[in-house]
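Trainee: Model the structure of this input:
(chains A and B)
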2 protein chains.
Amino acid sequence: MSAHVTEKSRDLRPFFEPRGVMLVGATRTPGFGYILPLALQRQGWGDRLFLVNPRGGELHGMPLYKRVEDVPGEVDLAVIIVPAPVVPEALDAIGARGIRHVIIESAGFAEIGEKGRALHDKVKKAADRQGIRVIGPNCVGVINTTNSFSTVEIVDEALRPGPLAVIAQSGVFGNIMLDGLHQRGLYVSKAVTLGNRMDVNECEVLDYLHDDASTKVIMMYLEGAADGRLLLETLDRVTRDKPVLVLKSGRTGAGRAATASHTGSMSGEDELYQAMFAQSGAIRAGSLEELIEMAQVFTTQPLPAGNRLGILTSSGSMGALAADAAVEDGLVLPTLSEKAFEKVRSVAPEWMNVKNPLDVGPSGQLLTALEALLGDSEVDMVLSISVIPFAVFREFMELGISVKDFLGNAAEIRERFPKKPFVVCSIGDRGFLEDMDEAVGPNTPLLNSPEIAARTLAALHRYKAIRDSK
Amino acid sequence: MSAHVTEKSRDLRPFFEPRGVMLVGATRTPGFGYILPLALQRQGWGDRLFLVNPRGGELHGMPLYKRVEDVPGEVDLAVIIVPAPVVPEALDAIGARGIRHVIIESAGFAEIGEKGRALHDKVKKAADRQGIRVIGPNCVGVINTTNSFSTVEIVDEALRPGPLAVIAQSGVFGNIMLDGLHQRGLYVSKAVTLGNRMDVNECEVLDYLHDDASTKVIMMYLEGAADGRLLLETLDRVTRDKPVLVLKSGRTGAGRAATASHTGSMSGEDELYQAMFAQSGAIRAGSLEELIEMAQVFTTQPLPAGNRLGILTSSGSMGALAADAAVEDGLVLPTLSEKAFEKVRSVAPEWMNVKNPLDVGPSGQLLTALEALLGDSEVDMVLSISVIPFAVFREFMELGISVKDFLGNAAEIRERFPKKPFVVCSIGDRGFLEDMDEAVGPNTPLLNSPEIAARTLAALHRYKAIRDSK
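Mentor: Okay, here's the model as predicted:
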């Protein structure tokens, strides 16, 4: 944060809740400067949007103002998408217009080397001179689903409000990830892509999201910390109230070299990051896929009372894969209570071995077993691996039996035990999985990997334990 | 293998290429005994299929023979699906009929405890007495796509012939996994589910697949080795010619406990397995998902000349994630050769940092970069991470530009460098990924995780290095 930051400009709100937006670099030729105004119009921002292009004229039925100073109306946020070399003068004009919050989406700064770094310094000086707060450069800006404000090129479906906030250091990465999230039931409250972090960094954004009522869980992709000590302190503070899931690249020299060029920052040593995350209570994901599946679980499930996992499965092998992953990540698989054991035993066929993991095979006793495990005082959370040979299921379908019928009143049973985390995992035919996803409903995540499903529950417990110790 | 095994019965061929098949336990009530005859008829086995049910009558237009001894015709394989307690007498009758190969799909043996173990011994004695080779019990049998023979309840789409052989200890697991493989472009030559391994075990099957001309790659799910030393020797032999990809559960006590009950075998300590796989040249997968993605790469790509990976990406961050995973698994990211560097530099916009990983961003220079990397003498294999914000792509689509147009002649360029492994990874909108999958074609795997994609290439190199050292 620069020295020029005042109490007023410290507030990041105008980035997310602008009263009026100026877009510097709107264009009539295909590209981002052409699409973004269209998207903002569609999102209901037409009357608070002002486009700037030195040639003037019209775009999508809106006037193109030739100069920043020509723009009328109440504007407190500017989005810059002009080529890097003309950003400094744009910033001067924007500052003169009284605007103190600017998103610079343009690339071509510190990430491209010497020449870019000189330009970076020039822009930085202009911003400081004008007391302007900057997100970027080399980013795609922000999303706020509460007011349908998005400077990110994102499909409309992704703008439905949800509990997940996303912080991505890289613009493209954030954009691509957001493309897939809504198809996995993940909807965002806010999203921020930070780019080169000339000014606003992940710590300020974390604090902002900490206070943001619509955000329940924070997901962050980092290549390196802007300020390690500050990040540690910030994470320690934020994770007292909200889980922060982190994917950090640069574990190896090659990974660090890749990112150093990318957003112009040097990554630190991985061991230090590992220690920082553990100490601060942030939950680190081992891969992009794990990050996303963790978010699915953290946004929908309560925190578990303890580390005791019950596994219910119709494939003993997949139960074993999940058990391995769970135990490696610190969970235990308790012996079932006598009550739960008896409940299952009383309906189970002779061949069924009533234990944990509980393999119900083709017994058809999935629901009784689910009820027994969720109701078991020895069990803090339940993973159900629901698989069925598709050829068998297809016959059911021919008899008019849907996935929903197959699952029965699992959702209803689950609702009777709202305090226990519950995750479903399935594998197999793609169409079956899609039906399954719909059948389990929006409050139960359907994951596609027994190992990652177990790890997400372990992460949920890890977060709970850290939070309790604070 | 039992002492009674003769040179003739050692041959596993009748399991996969029976001249005639007897199904003991066909039923007119819905269930496996009802579906399997239908499926075999559909696969063209109607005239070589004989159904046994003590009540007699007809099923799907075929006679139900009351007793095994009533069955006419040349039959050299029996499939048993009657309840466990009547299996011993069925086996006696089958033996008396001169049949020496039997698949016992029935469950309820060693996997259910004391009582089941007694039954196991009884069946084992009957088989030995009759000189019968047994696959199972507690399995779903075999698939041979060459002659469309399948005792597994599997959708017809999965029966298209392909280069991958599957060995699964557990029947359900094999079944479920096979359900999804064809949707990821993976087609099998043979599949075997071993169940409790009363007789035939993974070693014999590995040897059989070693000799099987239609099998190029073997994928195996194991809970424990039937015979550790024999498995080590067998893997060492088979991997001289064909890669064997292994997923082994039971890394932890909980995982072992889960599997011990499941197929009645005690798993050994994981460290021993880890050493065995490394020593023998088998490639161990870290998860089910990794196993499948490895199979996608091993079945389609050549072995690399060395461990030097070139990464091409349109997201620097994803390039970094892949670089981390690659280097952790033993690959190196070489500096590009001067020739490749110049080729890319000459067309690259100023902001592009020409290095490895090569982040082409939105430059549109994907194809030039791909050609440069594949043609680079410093690079042994290439991973291309092709991502694009979906909102941008959707506009292309509206202009009539397809994913295929977007990818351009990537497939053609790839064909000019047939000796270098090449894998594509993409992330984002589900529909886009499906189009992408089709566009890259059947000879290039499209993977969904930058980290696993990198690891599969590392595995390909690891296998090459081991094989060279033999």
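Trainee: Just give me the neighbour total for residue A:125.
Mentor: 12 (other CB atoms under 10 Å in any protein chain shown). C-beta: built from backbone N, CA, C; applies to glycine.
Trainee: make that residue A:337, sorry
Mentor: 16.
Trainee: same thing with the one 3 residues further on?
Mentor: Around residue A:340 sit 24 other residues, with neighbours defined as other CB under 10 Å.
Trainee: Test my guess that it contacts residue A:374.
Mentor: No: assessed by CB atoms under 8 Å, residue A:340 is found out of contact with residue A:374, at 9.4 Å.
Trainee: From chain B, how far off is residue A:348?
Mentor: To chain B, residue A:348 is 11 Å away according to CB to the nearest CB, to the nearest Å.
Trainee: That residue: which element?
Mentor: In the assignment (DSSP states H and E), residue A:348 maps to no helix and no strand.
Trainee: which residues sit in contact with it?
Mentor: Listed by CB atoms under 8 Å, 6 or more residues apart in numbering or on different chains, the contact set of residue A:348 reads A:354, A:360, A:363, A:365.
Trainee: phi, psi of the first one?
Mentor: Yep, that's residue A:354 we're talking about. phi -80, psi 100 (degrees, to the nearest 10).
Trainee: Quick one: the contacts of residue A:348 as a markdown table, columns for distance to chain B and neighbour count too.
Mentor: Formatted as a markdown table, these follow (distance: CB to the nearest CB, whole Å; neighbours: other CB atoms under 10 Å in any protein chain shown):
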| residue | distance to chain B | neighbour count |
| --- | --- | --- |
| A:354 | 10 | 19 |
| A:360 | 11 | 25 |
| A:363 | 11 | 16 |
| A:365 | 15 | 21 |
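Trainee: Pull the longest helix along chain A out as CSV, backbone CA atoms only.
Mentor: Using DSSP state H to define each element, chain A has its longest helix at helix A:450-469. These are the backbone C-alpha positions of helix A:450-469, laid out as CSV (Å, rounded to 0.1, in the frame of the first residue of the first chain):
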residue,chain,number,x,y,z
PRO,A,450,-12.6,-40.9,-3.7
GLU,A,451,-9.2,-39.7,-2.7
ILE,A,452,-9.9,-36.0,-3.0
ALA,A,453,-13.3,-36.3,-1.4
ALA,A,454,-11.6,-37.8,1.7
ARG,A,455,-9.0,-35.1,1.6
THR,A,456,-11.6,-32.3,1.5
LEU,A,457,-13.2,-33.6,4.7
ALA,A,458,-9.8,-33.9,6.3
ALA,A,459,-9.2,-30.2,5.3
LEU,A,460,-12.6,-29.3,6.8
HIS,A,461,-11.5,-30.9,10.1
ARG,A,462,-8.1,-29.3,10.0
TYR,A,463,-9.6,-25.9,9.6
LYS,A,464,-12.0,-26.5,12.5
ALA,A,465,-9.1,-27.6,14.8
ILE,A,466,-7.0,-24.6,13.9
ARG,A,467,-9.9,-22.2,14.5
ASP,A,468,-10.8,-23.8,17.8
SER,A,469,-7.2,-23.3,18.9
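Trainee: That helix close to chain B?
Mentor: Yes: using CB under 8 Å from any CB of the partner chain, helix A:450-469 comes into contact with chain B via A:450-452.
Trainee: For that helix, give the mean pLDDT please.
Mentor: Averaging pLDDT along helix A:450-469 yields 96.
Trainee: So for that helix, what gets flagged as buried?
Mentor: Within helix A:450-469, the residues that count as buried by 16 or more other CB atoms under 10 Å in any protein chain shown are A:450-464, A:466.
Trainee: repeat for stretch A:172-192
Mentor: So stretch A:172-192, judged by 16+ other CB under 10 Å, has buried residues A:172-192.
Trainee: what do you get for stretch A:280-292?
Mentor: A:280-285, A:287-292.
Trainee: now the end-to-end length of it.
Mentor: Stretch A:280-292 has an end-to-end distance of 21 Å (CA to CA, to the nearest Å).
Trainee: quick one, helices of the stretch 1-150 of chain A?
Mentor: Counting by DSSP state H, counting those that start in this stretch, the stretch 1-150 of chain A has helices at residues A:7-10, A:13-16, A:32-40, A:87-96, A:114-130.
Trainee: scratch that, the stretch 351-470 of chain A
Mentor: Using DSSP H, counting those that start in this stretch, helices in the stretch 351-470 of chain A cover A:366-374, A:390-398, A:403-407, A:410-415, A:430-440, A:450-469.
Trainee: would you turn those into JSON lines with distance to residue A:346?
Mentor: Formatted as JSON lines, the helices of the stretch 351-470 of chain A follow (distance: least, CB to CB, whole Å):
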{"stretch": "helix A:366-374", "distance to residue A:346": "9"}
{"stretch": "helix A:390-398", "distance to residue A:346": "26"}
{"stretch": "helix A:403-407", "distance to residue A:346": "22"}
{"stretch": "helix A:410-415", "distance to residue A:346": "17"}
{"stretch": "helix A:430-440", "distance to residue A:346": "27"}
{"stretch": "helix A:450-469", "distance to residue A:346": "28"}
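Trainee: can you list the residues of the stretch 101-250 of chain A near chain B?
Mentor: Within the stretch 101-250 of chain A, the residues that sit near chain B (CB under 8 Å from any CB) are A:107-108, A:111-113, A:115-116, A:140, A:153-155, A:168-170, A:172-173, A:175-177, A:179-180, A:183, A:221, A:223, A:247, A:249-250.
Trainee: what residues does the host helix or strand of residue A:277 touch?
Mentor: Residue A:277 is part of helix A:270-280 when elements are defined by DSSP H and E. Helix A:270-280 is contacted by residues A:225, A:228, A:231-233, A:235-236, A:239, A:246, A:248, A:250-252, A:282-284 when judged by CB under 8 Å, 6+ apart.
Trainee: ditto for stretch A:13-22
Mentor: By CB under 8 Å, 6+ apart, stretch A:13-22 touches A:40, A:45, A:48-52, A:68, A:71, A:73-79, A:94, A:97, A:99-101, A:103, A:133, A:135, A:142, A:144, A:147, A:149, A:190, A:192, A:200, A:208.
Trainee: Kindly provide the whole-number mean pLDDT of it.
Mentor: 97.
Trainee: Over to stretch A:428-437?
Mentor: Here the average pLDDT along stretch A:428-437 is 86.
Trainee: For it, list the C-alpha coordinates in CSV.
Mentor: The C-alpha trace of stretch A:428-437 is given here as CSV (Å, rounded to 0.1, in the frame of the first residue of the first chain):
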residue,chain,number,x,y,z
GLY,A,428,-18.6,-44.0,-13.9
ASP,A,429,-20.8,-43.0,-16.9
ARG,A,430,-20.8,-39.3,-17.5
GLY,A,431,-24.5,-39.0,-18.0
PHE,A,432,-25.2,-40.9,-14.8
LEU,A,433,-22.9,-38.5,-12.9
GLU,A,434,-24.7,-35.5,-14.3
ASP,A,435,-28.1,-37.0,-13.1
MET,A,436,-26.5,-37.8,-9.8
ASP,A,437,-25.3,-34.3,-9.4
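Trainee: If you count neighbours, what's buried in it?
Mentor: In stretch A:428-437, counting by 16+ other CB under 10 Å, buried: A:428-429, A:432-433, A:435-437.
Trainee: just to revisit the earlier point, go through the residues of helix A:450-469 next to chain B and say which is closest to chain B.
Mentor: residue A:451 (4.5 Å; CB to the nearest CB).
Trainee: who are the neighbours in contact with the closest residue to the closest one other than its chain neighbours?
Mentor: In this structure, residue A:451 finds its nearest non-sequential neighbour in residue A:325, 4.0 Å apart by CB to CB, 6 or more residues apart in numbering or on different chains. Residues counted as contacts of residue A:325 (CB under 8 Å, 6+ apart) are A:450-452, A:454-455, A:458, B:287.
Trainee: go on, residue A:269?
Mentor: With CB under 8 Å, 6+ apart, residue A:269 has no contacts at all.
Trainee: Low-confidence regions, the stretch 1-150 of chain A specifically.
Mentor: A:1-9 (pLDDT under 70).
Trainee: Would you map the helices across the stretch 151-300 of chain A?
Mentor: Remark: helices assigned in the stretch 151-300 of chain A by DSSP H, counting those that start in this stretch are A:171-181, A:202-211, A:228-238, A:253-263, A:270-280, A:288-298.
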